[in-house]
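I'll drop the sequence and a predicted model, then ask my questions.
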Amino acid sequence: MKSYTDFLPKEKLQFVFTDIDDTLTEEGRLPANAYESLWQLYEKGLHIVPITGRPAGWCEMIARMWPVSGVIGENGALYFRYIDKTMKRHYVYEQNTIAKNRSKLNLIEQEVLQQVPGAAIASDQFCRLFDLAIDFCEDVPTLPKQDIEKIVDIFKKKGAVAKVSSIHVNGWFGNYDKLTMCQTFLKNEFNTTLEQAQTYSLFVGDSPNDEPMFGKFENSFAVSNIKSFSNELKQKPKYVMSLPGGQGFTQLTQHLLKYL
C-alpha cells in the first residue's frame with residue numbers, strides 16, 4: 001500500500017465514494033473536521049456517495065441532510081437519493097423477498113445469541129430492511145476474534161452472506177454487496193459505468209467489508225486503521241493515510257483539494 005501523498009489524479013475528480021464507520025467517524029462520532037471535509041469536496045462540485053453497512057433509516061437522514069449525491073446502505077441492498085425535493089429509493093429486492101429473508105434471519109439471530117455470549121443485536125437493527133447486524137464492540141464489550149469468527153460461521157452455515165465491519169457482523173441473503181450497488185447507482189443516476197468513471201472516481205474505506213471496493217477501484221484508499229486488518233485482506237487498498245478515521249479522511253481531503 002502506497003502513501004496517499006503519492007496519489008495524482010489522472011482527471012479532475014467527480015465522485016468520492018466513502019465508507020462511514022471508522023472511515024469518517026471516530027469512536028462512533030462524526031467529528032467536525034470530517035464533516036467539514038465533506039462540505040469542502042461538495043462545494044468543489046464533487047458527487048459524494050457514502051457506502052455503508054448502516055441501515056435504511058440512517059440512509060434516509062443522510063441522503064436528505066448531508067452534502068451528498070446519494071447514499072448506499074445495508075452493504076449494498078439499497079440506495080437513496082434526494083434530488084429536486086424528492087427521495088428516490090432503490091432496493092435490490094421486492095417486499096415479498098425481503099419478508100422471506102427476514103424470517104430466516106430471525107432464526108439466525110436466535111442461534112447467535114444462544115451460542116455467542118456477549119454478542120448483541122445492533123442498536124440500529126430496528127431500522128434495517130435487509131440484513132441482521134450483530135454487535136461485537138459498538139455497545140458491548142469487545143468480543144474475542146474467535147467469537148466473531150463463530151458468528152460469521154453461523155451465518156454461512158445457514159446460507160447467508162456475512163461480512164465483518166469494524167463494529168458489526170452483517171449478514172444477509174442474496175448475491176449483492178457494496179460494489180454491485182455502486183455500479184447500479186452510477187448506471188441509474190449518472191448513466192455511466194464504474195469502468196468509465198475509474199479515472200475520476202475514488203473510494204475510501206477501513207475494514208474487510210470494503211474489500212470488493214478496494215479490489216475494483218483503481219483509486220482505492222483506506223484510513224490508517226486498515227492496518228489492523230492487513231493480514232486478513234485479500235484485496236488491499238492502493239493508498240493508505242497515516243491517520244485513522246475522520247482524521248485520515250481529512251488528510252485525504254486536504255490532499256485532493258490541491259487538484260480541484
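Everything's here; your move.

Just give me the residue right at the centre of this protein.
Against the mean C-alpha coordinate of the chain, by Cα atoms, centre = their mean, the closest residue is residue 52 at 2.7 Å.

surely that residue meets residue 20?
Yes: under the criterion of Cβ atoms under 8 Å, residue 52 makes contact with residue 20 at 4.4 Å. Using the backbone N, CA and C atoms, a C-beta is placed for each residue, glycine as well.

Now for the residue nearest to the centre of the chain: which residues touch it?
Counting by Cβ atoms under 8 Å, 6 or more residues apart in numbering, residue 52 touches 19-21, 58-59, 71-73, 75.

Tell me the spacing between it and residue 169.
Residue 52 sits 15 Å away from residue 169, going by Cβ to Cβ, to the nearest Å.

Where do the strands of the stretch 1-150 of the chain begin and end?
2-3, 15-18, 47-50, 71-73, 78-83, 86-91, 120-121, 132-135 (DSSP state E, counting those that start in this stretch).

Go through the ones you listed and pick out the most buried.
Per-stretch averages of neighbours, counted by mean count of other Cβ atoms under 10 Å, single out strand 71-73 among the strands of the stretch 1-150 of the chain, with a mean of 27.

contact partners of that strand?
With Cβ under 8 Å, 6+ apart as the criterion, strand 71-73 contacts 17, 49-56, 58-59, 62-63, 78-81, 178, 181-182, 185.

Torsion angles phi and psi at residue 220?
The phi/psi pair for residue 220 (degrees, to the nearest 10) reads phi -110, psi 140.

can you count the residues close to residue 11?
Residues lying near residue 11 (other Cβ atoms under 10 Å) number 11.

quick revisit: in TSV, list the strands of the stretch 1-150 of the chain along with distance to residue 41.
TSV is the format used below for the strands of the stretch 1-150 of the chain (distance: least, Cβ to Cβ, whole Å):
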stretch	distance to residue 41
strand 2-3	20
strand 15-18	6
strand 47-50	6
strand 71-73	15
strand 78-83	17
strand 86-91	22
strand 120-121	34
strand 132-135	28
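
Would you mind giving those strands as a markdown table with mean pLDDT added?
Shown next, in a markdown table, are those (pLDDT from 0 to 100):
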| stretch | mean pLDDT |
| --- | --- |
| strand 2-3 | 96 |
| strand 15-18 | 98 |
| strand 47-50 | 98 |
| strand 71-73 | 98 |
| strand 78-83 | 98 |
| strand 86-91 | 98 |
| strand 120-121 | 98 |
| strand 132-135 | 98 |
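
For the stretch 151-260 of the chain, just list every one of the strands.
Taking DSSP E, counting those that start in this stretch as the test, the strands found in the stretch 151-260 of the chain are 161-164, 168-172, 201-205, 220-222, 239-240.

right, so those: which one is the most enclosed?
strand 220-222 (a mean of 28).

Please list the residues outside that one that contact it.
Here strand 220-222 makes contact (Cβ under 8 Å, 6+ apart) with 1, 4, 7, 23, 202-206, 210, 213-214, 236-241, 248, 252.

chain center to it: distance?
Remark: strand 220-222 is offset 12 Å from the chain centroid, using Cα atoms, centre = their mean, to the nearest Å.

Report the mean confidence score over it.
For strand 220-222, mean pLDDT rounds to 98.

Could you pull out the buried residues of stretch 125-142?
For stretch 125-142, a neighbour-count test (16 or more other Cβ atoms under 10 Å) marks 125, 128-136, 138 as buried.

Greatest separation within those: which pair is it?
Of all pairs drawn from those, the one with the longest distance (Cβ to Cβ) is 129 and 136, at 21.7 Å.

just checking, residue 192 touches residue 186?
Yes: look at residue 192 against residue 186 with Cβ under 8 Å: they come within range, at 5.3 Å.

Pick out whichever of those two has more residues nearby.
Shown here are residue 192 and residue 186; by other Cβ under 10 Å, residue 186 has more neighbours (22 against 15).
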